[in-house]
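sequence and predicted model, in that order:
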Amino acid sequence: MDKSGTYSEPRFLLCGETGISVEFGDKIDLNINRKVRHLYKRFKAAPYPGILDINPTYCSLFIRYDPWICSLEKLLLIIEEKLKADEATDQDCERIIEVPVCYESKFGLDIRQVADFHGMHTEKVVELHTAPVYQVYMIGFILGFPYLGGLDHRLYTPRKKDPRKSVPAGSVGIADRQTGIYPVESPGGWQIIGITPVKIFDLQRKEPFLLEMGDRMRFISITREEFESYTHH
């Protein structure tokens, strides 16, 4: 393992009789996640009979398979073959998706607490949060929830000790070293610093998920008036 937490060779972890996890490292790291995306894209581009599901995470790819159709031995050979494919053919997303966010206290339920935790003004929280271009590392724990890498270290903030029973859809939050967007109303313990009028998950769209693994995005600060005009469109 090198300093970035990347394993010298991928590790295979058996998950029961129908699952295997291909592990590339043990840290949230862009290069590790790029290896996950590489393998994920290879399986998406050329599905194989017996592969039932593939789920990428920060550091690994979980593969669920039917051992009656695709044996473990065969699956390991397929994985090895796909790992050998040239990563240089993978193109990271060139577009930067801009997501408007209203950070005013009506929507940023915890923005003052986050500011106080770091000894700064709320305006500084907004400045630091809107500055980076974020990478979508993975999608989970609810439909369409994007886990974003690239949060400024000055905003690292622990999760709430007492999670909310209901967090509004579109809420933008911080949890430890991560930032993300709640696509639907759900319980949650992230520190909420704003809300976006954009639907991150919408079944009425041809592509329900606005973001996917590998995308890049930036938050754009908007006023309450701009937020309300957005929602009335």
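Yep, that arrived.

now do the SS call for residue 34.
helix (DSSP: H, G, I helix; E, B strand; the rest coil).

okay, now it: neighbour count?
By the measure other C-beta atoms under 10 Å, the count of residues near residue 34 is 15. Where you see a C-beta, it was placed from the backbone N, CA and C, and this is true even at glycine.

that one and residue 55, how far apart?
17 Å (C-beta to C-beta, to the nearest Å).

how about residue 74?
20 Å.

scan the protein for its longest strand.
Secondary structure of the chain per DSSP state E: the longest strand is strand 6-14.

tell me how the chain divides into domains.
Following automatic domain parsing, one finds the domains of the chain at 6-89, 96-231.

thought residue 18 was touching residue 63?
No - counting by C-beta atoms under 8 Å, residue 18 stays clear of residue 63, with 9.5 Å between them.

helices of this protein, residue ranges please.
30-45, 72-83, 111-118, 122-130, 224-231 (DSSP state H).

tabulate these (JSON lines), appending distance to residue 200 and mean pLDDT.
Listed next are those as JSON lines, based on distance: least, C-beta to C-beta, whole Å; pLDDT from 0 to 100:
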{"stretch": "helix 30-45", "distance to residue 200": "20", "mean pLDDT": "85"}
{"stretch": "helix 72-83", "distance to residue 200": "30", "mean pLDDT": "89"}
{"stretch": "helix 111-118", "distance to residue 200": "20", "mean pLDDT": "97"}
{"stretch": "helix 122-130", "distance to residue 200": "17", "mean pLDDT": "97"}
{"stretch": "helix 224-231", "distance to residue 200": "14", "mean pLDDT": "86"}
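
quick one: contacts for the spatially most central residue of the chain?
Centroid-nearest residue in the chain, with C-alpha atoms, centre = their mean: residue 147, separated by 2.3 Å. Residues in contact with residue 147 (C-beta atoms under 8 Å, 6 or more residues apart in numbering) are 58, 136-140, 178, 180.

what subset of those residues is buried?
58, 136-139, 178, 180 (16 or more other C-beta atoms under 10 Å).

let me have these in CSV, extended by pLDDT.
Listed next are the buried ones among the contacts of residue 147 as CSV, based on pLDDT from 0 to 100:
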residue, pLDDT
58, 82
136, 89
137, 87
138, 82
139, 83
178, 91
180, 93
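
contacts only, for the residue lying farthest from the centre of the chain.
For the chain, the residue at maximal distance from the C-alpha centroid (C-alpha atoms, centre = their mean) is residue 68, at 32.8 Å. Residues in contact with residue 68 (C-beta under 8 Å, 6+ apart) are residue 50.

give me the pLDDT value at it.
Residue 68 carries a pLDDT score of 93 in this model.

where does the chain dip in pLDDT?
Along the chain, the parts satisfying pLDDT under 70 run over 1-4, 86-94, 141, 231-233.
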